[in-house]
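Visitor: Take this sequence and fold it.
(chains A, B and C)
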Amino acid sequence: MDCKDIQDNLSAFMDQELALAAEESIRVHLGECDQCALQYAKLLKGWQALDAWDDVTPPDRMQRKVLDSVKPQRHALSLRRVLYAAAVLLLVFGTAVYYSGQKERLAQDHLAGSKSPVQTATVGDISEDEIIANLLILQEEDFFEVLDELVKIDELPLAEEPSSPTKEPARSSLDIVLT
Amino acid sequence: MGLISKGDAKAFELLVARHQHAVYNLALRFLSDSDEAEDVAQDCFIRIYKAAATYTPDAKFTTWLYTIVKNLCFNVLRNRRQAVIVSVDDETLPELPAKSEDPVERITRQQVREKVMHAVSMLPENMRLVVIMSKFHGLSYDEIAGIMGCSVNAIKLRVHRAKAILAEELSDLKDETHGN
Amino acid sequence: MRNTIVILLTALLLLLQSGMASGFDRSENNRKRWQSMSPEEKRRVTENYRSWKSRPPESRERIQRNFETYRELTPEERQKLRDRYRTYRKLEPAGKERLRERLHRVDPHSDRNSEEMTRQFRRMQDIPPEERMRRLERSRLWKDLNNEEREIYKKLIFLNK
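Guide: Model (predicted):
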């Protein structure tokens, strides 16, 4: 094996993936060739340096959050049934009340002789067009909400300048810094 | 998993306790963001809980677990990219700012760690994930290949290339620590 | 005189056209983006829309103004703010509230328009971060910060060095 073959196999050599014979010939070569030995040392050092990147203990809240978030699902079926039944009841009851009220109103209107246009209620509060028009903001609403604060952070060092006897507006103290 | 699918809360709690450290650290090293890592870890366990009933043990549990983490991590990266594409005309993400380097500055373990983190973060995404799984999670190339959905040789190649890149990136580390 | 009027009218027409076209392109892009979103993303955006609708008008105006400011920034400046946001998110809610209060002290008139905001941001970039940090460390507010907050504040100021 020449130096190029050796260097191509150094990583496999590190992982002890090579056959015994190949491993032995690399070992012998490294004992004789400074350049390849240097390259090997460099590879080994880079890989071993990763050990400095310690593990981090996950925050305590993480496990609690996971367990909490699956808890309701365990009761989800029965809860869902109850909610479903409640929704159906509400719908039936609501429709009945609405129609009886409507009938009454129509009767009253009839009595009063007025023309009663039946108002169509707009159902739902979602307008897709409005979402699309504001899509960029909505995708990152949290970011845009605080953007002015992020801009102002540079001025933070001026937040509590040693108090001066005269109350100057912050803008002018900023101007002093800038001049 | 069988117990979890039958709604055994204790079994699920045990599973989370056993694997949360690995899941969180894999996501944290890969994404370099503790909030996102926490979200990934939570989503991962919730997915496991939901999928427990349909889980068929044709692969090792950890392979399945790490595959979920990998997918979630890539989702995060995709969302990040979208956010950048949406809002920044120029897609190129800036490099991390170069750290001020003072030759007489003491190189602490923390600084070595930062250099390592920076070097790993410079690796291409697929290579980075493979390095993290191999180096920090001790997964075999076979297992990583199963998680990444590619051949063992492709994984070996990625690791070998990563080693060469890291060797270059971290080559000055020793000299600096000697100056300490 | 007549020529001037013709030129002005043509310019106005072109301006209107380009404005309309860019507006059209933007809404078309938004539509495409919306259509390509996964159900999960659509759900998230729709949730944001609900919270957006429930905000008081002044809060919506503020977000809108911030968005306009953002659009005026260069990609590098935008990236600076994005990087800063990633650090900012690490503050606990109480820490965020304290930061907000301190920022309010810097500028109690928080209704800067987007042009002023952009100008201010650019002016501040001219002060070296070291100088900003030095001033911060001398200030009284530095004494109230806990170690974690100090680290975050440092990062917020030095991040874009």
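Visitor: show me where pLDDT drops low in chain B?
Guide: B:1-7, B:56-59, B:82-108, B:174-180 (pLDDT under 70).
Visitor: any idea which helix is longest in it?
Guide: In chain B, taking DSSP state H as the definition, the longest helix is helix B:61-87.
Visitor: which secondary structure elements does that one contact?
Guide: For helix B:61-87, the packing partners by 3 or more C-beta pairs under 8 Å, 6 or more residues apart in numbering or on different chains; DSSP states H and E come out as helix A:135-139, helix B:9-31, helix B:34-51, helix B:125-135, helix B:141-148, helix C:75-88. To be clear about C-beta, it is placed using only N, CA and C from the backbone, and glycine gets the same treatment.
Visitor: Just want the most central residue of chain B.
Guide: The centre of chain B sits closest to residue B:30, judged by C-alpha atoms, centre = their mean, with a distance of 3.2 Å.
Visitor: Leaving out the residues flanking it, which one is nearest to that residue?
Guide: Using C-beta to C-beta, 6 or more residues apart in numbering or on different chains and skipping residues adjacent in sequence, the residue nearest residue B:30 is residue B:73, 5.1 Å away.
Visitor: Can you pull the residues of chain A lying near chain B?
Guide: Within chain A, the residues that sit near chain B (C-beta under 8 Å from any C-beta of the partner chain) are A:11-12, A:14-15, A:17, A:39, A:42-43, A:45-47, A:49-50, A:52-59, A:62-63, A:65-67, A:69-71, A:73-74, A:136, A:139-140.
Visitor: quick one, what contacts residue C:55?
Guide: residue C:63 (C-beta atoms under 8 Å, 6 or more residues apart in numbering or on different chains).
Visitor: Only C-alpha atoms, please: export stretch C:96-112 in PDB.
Guide: The C-alpha coordinates for stretch C:96-112 follow below in PDB (Å, rounded to 0.1, in the frame of the first residue of the first chain):
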ATOM      1  CA  LYS C  96     -39.000  38.800  28.900                       C
ATOM      2  CA  GLU C  97     -41.300  41.000  30.900                       C
ATOM      3  CA  ARG C  98     -38.400  42.600  32.700                       C
ATOM      4  CA  LEU C  99     -36.600  43.100  29.400                       C
ATOM      5  CA  ARG C 100     -39.700  44.700  27.900                       C
ATOM      6  CA  GLU C 101     -40.000  47.100  30.900                       C
ATOM      7  CA  ARG C 102     -36.400  48.100  30.500                       C
ATOM      8  CA  LEU C 103     -36.700  48.700  26.800                       C
ATOM      9  CA  HIS C 104     -39.700  50.800  27.600                       C
ATOM     10  CA  ARG C 105     -37.500  53.000  29.800                       C
ATOM     11  CA  VAL C 106     -35.200  53.500  26.800                       C
ATOM     12  CA  ASP C 107     -38.000  54.700  24.600                       C
ATOM     13  CA  PRO C 108     -41.300  55.300  26.300                       C
ATOM     14  CA  HIS C 109     -42.800  56.400  23.000                       C
ATOM     15  CA  SER C 110     -42.900  53.000  21.400                       C
ATOM     16  CA  ASP C 111     -44.900  54.100  18.400                       C
ATOM     17  CA  ARG C 112     -42.000  54.600  16.100                       C
END
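Visitor: Just checking the distance from the longest helix of chain B to the centre of its chain.
Guide: Averaging C-alpha positions (C-alpha atoms, centre = their mean, to the nearest Å) puts helix B:61-87 10 Å from its chain's average.
Visitor: Tell me the helix or strand right after that helix.
Guide: helix B:109-121 (DSSP states H and E).
Visitor: tell me which residues of that next one are tucked away?
Guide: B:111-113, B:115-120 (16 or more other C-beta atoms under 10 Å in any protein chain shown).
Visitor: just stretch C:81-100 next, same as before
Guide: Within stretch C:81-100, the residues scored as buried using 16+ other C-beta under 10 Å are C:81-91, C:95, C:98-99.
Visitor: again with stretch C:128-136
Guide: Using 16+ other C-beta under 10 Å as the test for burial, stretch C:128-136 gives C:129, C:132-133, C:135-136.
Visitor: so the residue nearest to residue B:30 sits right up against residue B:129, yeah?
Guide: Yes. If you go by C-beta atoms under 8 Å, residue B:73 and residue B:129 touch, sitting 7.2 Å apart.
Visitor: what touches both of the two?
Guide: With C-beta under 8 Å, 6+ apart as the test, residue B:73 and residue B:129 both reach residue B:30.
Visitor: which residues in the chain form helices?
Guide: All of this refers to chain A. Using DSSP H, helices in chain A cover A:3-8, A:10-14, A:20-32, A:34-49, A:60-74, A:76-112, A:128-133, A:135-139, A:141-145, A:147-152, A:170-178.
Visitor: Wait, chain C was what I had in mind.
Guide: Secondary structure of chain C, counting by DSSP H: helices at C:2-36, C:39-54, C:57-72, C:75-88, C:93-106, C:114-125, C:129-138, C:140-144, C:147-158.
Visitor: ok, is the fifth one in contact with chain B or not?
Guide: No. Remark: helix C:93-106 sits outside contact range of chain B, by C-beta under 8 Å from any C-beta, the gap being at least 13.1 Å.
Visitor: That helix close to chain A?
Guide: Yes. Counting by C-beta under 8 Å from any C-beta, contacts between helix C:93-106 and chain A involve C:99-100, C:102-103, C:105-106.
Visitor: which secondary structure elements does that helix contact?
Guide: Where contact means 3+ C-beta pairs under 8 Å, 6+ apart, helix C:93-106 is packed against helix A:147-152, helix C:147-158.
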